[in-house]
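Enquirer: Sequence and predicted structure below; questions after.
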Amino acid sequence: MAFTFLPRRRCSVALFLPFGWLILFLLPLRAGAAIDTLYVSVSGSDMQGNGTAQKPWRSVTFALQTVQASAAFPKALKLSSGTFSAAATNETFPLHLKNYVAIIGSGAFATIIDAGQTARVFTGNNVQQVSVMDLCLQNGKAPGVAQASGQGAGLWVKGFTDLQLIRCRVRNNQAEDLGGGLFVSRGSGFTLQDCWLENNTAFNGGALYHDSSTATIIAGVTMQYNKAMNIGGGMFIASTAPIIQKCRIRWNTAEQSQQTGAGGIVLQNVTGAVIGGAFDLGNDIHENVGAQDGSQLLLFGRQSTADARYNFWGALPSRRVASPTDQINSSNARNVSITATFGARDFYVAPGGSDEDSGTPQKPWRTIRYALSQIFATELDTLRLHLRSGVYSHAATGENFPIQLKTRINLLGAGREATSIDGADWHESELINSANIAAVRMAGLTLRNANKGALLLRACERVQLDSLQFENNKGSHGAGLRLINCENMSLTASIFRGNQSTGAGGALALYGDDNEISRNMFIDNLAQSGGAVACDSNSTTVFTQNDFTGNRAEIGGAMYIAQSRIELSSNRMRNNHATLGGGAIA
């Protein structure tokens, strides 16, 4: 089989298209160069195969040793689905890249090259016109103490002309020094496109270390859950001015430095980097764990500069997000992720949705926590996150708790009988735990079966809770709802049923609050003190037209009040019980 590739064009910013773009520059070969395809299959044979589709080779090692290629006669190795490893196909790692040879799998989830934590997956020295496509590079290891031997566990390349990784997964690779996933150094024309890099580890540059190069394009790449023991959890780029566009760089970690050291991107001695730079080409760079300054993007070197406009940072950019601020243009920041609809105010989550979707009514997200990570509200807007009918839990939808609410983002269920957040299989935290938020409404849903409390709000103000249900939750204080130093909040038309606390406030515990609680029902809740409600530490809450029925405690069957100024008006208390005193109120 033969096919022809066009020569690579040096692309400007404007050439990039949305996700799913066609690859216009696969293998930068001379015009008209025909590429012969040779085949490798996990069911093939190195002894009897000849590299044809009918008689494929078995190992990538043998194929790379056997194939002969040149600029005039490039080759492509087409790999079957399956795992290529020392045990399965007798691979010898690291595999050595070869000039003018493209290695093409059958899909990043279908074709896996697994080094088994014994050595690097791929290496290359002074390579020319090489592509690695549609496969997974995993379990590489570069453990050496000497500098070069501890670099690039998934792929190590030093010296290159036109190197491309396209639609690959690079995962679970560990380098002692630089570039847990990829180490690419000293060349021209590096393209990393539509790849996933995750769970890679290094000292610097958890997913990628790249230096001393020109014409670098990083586009449509997802980097997540990578770790740098020092700095650059996602990537560390030095002496290279990359174009980084339409990427998602999130949840990476830089562990060592406390003052400076981005969990996301570190650029050193880089002038004219483009990170986003245009409305349709922005990146998601958020929730990377780094230092106090530049946790998402950090520049070293007084001459370093970056055009970082039109990105989603998870919050308005500041020096804590991107630093130094005088060397980074982070204007025109997005308040929604690059997959979400810019300008929208309503977003949607459904148990049947996907976190790879866009949060629209037609393509809702799946988990509440992920949805909240994709949006934030400015002082000019209030956003609404709609939870469609169904159960949101760790087992059912993959929800990870605690959910953290955000200022000016309302959380709206489809009705407390229709939408529920369930913590039956979660034992590590509250279901929702938020602090220092304001102007939030939460309505129309049920929180049930929490093991460490359903909802905890601390130092919040102007939060409106209405038409909620707290059912069968357990905790130490305020198993349904605990409020600490909150002001100007309202809790209305909600039901607290069957909640149990080992300490105070079976349903609700208030500490130092100034709020209004009206028209709620507290039924069959249990605690040591305050079967339904406990108020302590100078709470000044007003209770109006609430119903307390069948609640039990040692002290204060319905309510326990200590060091607080509580106002009660038109409440009904019946059939509450205390074993030591205060059947209704103590």
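Expert: Received, thanks. In this text the structure is predicted, and so the values were computed from the model without any measurement.
Enquirer: Count residues in the vicinity of Ser185, would you?
Expert: Other residues within reach of Ser185, judged by other CB atoms under 10 Å, total 23. C-beta coordinates here come from the backbone N, C-alpha and C atoms, glycine included.
Enquirer: Break down the stretch 301-450 of the chain into its helices, ranges please.
Expert: 368-373, 394-397 (DSSP state H, counting those that start in this stretch).
Enquirer: out of those helices, deepest packed?
Expert: helix 368-373 (a mean of 22; mean count of other CB atoms under 10 Å).
Enquirer: who touches that one?
Expert: Contacts with helix 368-373, where a contact means CB atoms under 8 Å, 6 or more residues apart in numbering, come from 250, 286-287, 314, 347, 349, 355, 359, 365, 385, 387, 392, 399-401, 403-406, 409, 411, 421.
Enquirer: mind checking how far it is from the chain centre?
Expert: 9 Å (CA atoms, centre = their mean, to the nearest Å).
Enquirer: change the start of the numbering to 74 and stick with it
Expert: In the new numbering, first residue 74, that becomes helix 441-446.
Enquirer: Now do the same for that helix: mean pLDDT, whole number.
Expert: When pLDDT is averaged along helix 441-446, the result is 98.
Enquirer: now stretch 222-234
Expert: Mean predicted confidence for stretch 222-234 is 97.
Enquirer: How about stretch 576-584?
Expert: pLDDT averaged over stretch 576-584 gives 96.
Enquirer: ok, now stretch 380-396?
Expert: 96.
Enquirer: Return the distance of that stretch from the chain's centre.
Expert: For stretch 380-396, the distance to the chain centre is 17 Å (CA atoms, centre = their mean).
Enquirer: what's in contact with that stretch?
Expert: 333, 345-352, 354-360, 365-372, 398, 401-411, 446-447, 449, 451.
Enquirer: Narrow those to those in strands?
Expert: Here DSSP state E is the test, and these give Ala346, Val347, Ile348, Asp357, Ile358, His359, Leu370, Leu371, Leu372, Ile401, Asn402 as lying in strands.
Enquirer: Pick the one among these closest to Ile316.
Expert: Nearest to Ile316 among those: Val347, at 4.7 Å, using CB to CB.
Enquirer: and the closest one, what does it touch?
Expert: With CB under 8 Å, 6+ apart, Val347 has these contacts: Val86, Ala314, Pro315, Ile316, Ile317, Gln318, Ala379, Asp380.
Enquirer: Just grab the bridge partners of it for me.
Expert: In this entry, Val347 is beta-bridged to Ile316, Asp380, by DSSP bridges.
Enquirer: Repeat that for Glu534.
Expert: Bridge pairing for Glu534 - DSSP bridges - gives Ala511, Glu560.
Enquirer: Spatially nearest residue to Ala161, not counting backbone neighbours?
Expert: Of all residues not flanking Ala161 in the chain, Val115 sits nearest, at 6.3 Å (CB to CB, 6 or more residues apart in numbering).
Enquirer: Oh, that last question was meant for Gly363, not what I typed.
Expert: Nearest one to Gly363, counting by CB to CB, 6+ apart, is Gly336 at 3.5 Å.
Enquirer: how about stretch 599-607 as CSV, C-alpha atoms only?
Expert: Output of stretch 599-607 as CSV, limited to C-alpha atoms (Å, rounded to 0.1, in the frame of the first residue of the first chain):
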residue,chain,number,x,y,z
LEU,A,599,-31.6,12.5,66.5
ALA,A,600,-28.6,14.0,68.4
GLN,A,601,-27.0,14.1,71.8
SER,A,602,-28.1,17.7,72.2
GLY,A,603,-30.7,19.5,70.0
GLY,A,604,-32.5,16.6,68.3
ALA,A,605,-33.3,18.9,65.3
VAL,A,606,-31.4,22.1,65.9
ALA,A,607,-28.4,23.3,67.9
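Enquirer: What lies in contact with that stretch?
Expert: 550-552, 569, 572-583, 595, 598, 616, 621, 624-635, 649-651, 659.
Enquirer: Ok, stretch 577-584 next?
Expert: So stretch 577-584 is contacted by 543, 550-558, 564, 569, 572-574, 590, 595, 598-610, 612, 614, 624-626, 633, 637 (CB under 8 Å, 6+ apart).
Enquirer: which regions of the chain sit below the pLDDT cut-off?
Expert: Along the chain, segments meeting pLDDT under 70 span 74-107, 329-334.
Enquirer: how's it carved up into domains?
Expert: 312-407, 419-654 (automatic domain parsing).
Enquirer: Make CSV out of those domains and add distance to Gln297.
Expert: Below are the domains of the chain laid out as CSV (distance: least, CB to CB, whole Å):
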stretch, distance to Gln297
domain 312-407, 5
domain 419-654, 11
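Enquirer: how many neighbours does the residue nearest to Ala491 when sequence neighbours are not counted have?
Expert: Nearest non-adjacent residue to Ala491, counting by CB to CB, 6+ apart: Ser462, 4.1 Å away. The number of residues packed near Ser462 is 14, by other CB under 10 Å.
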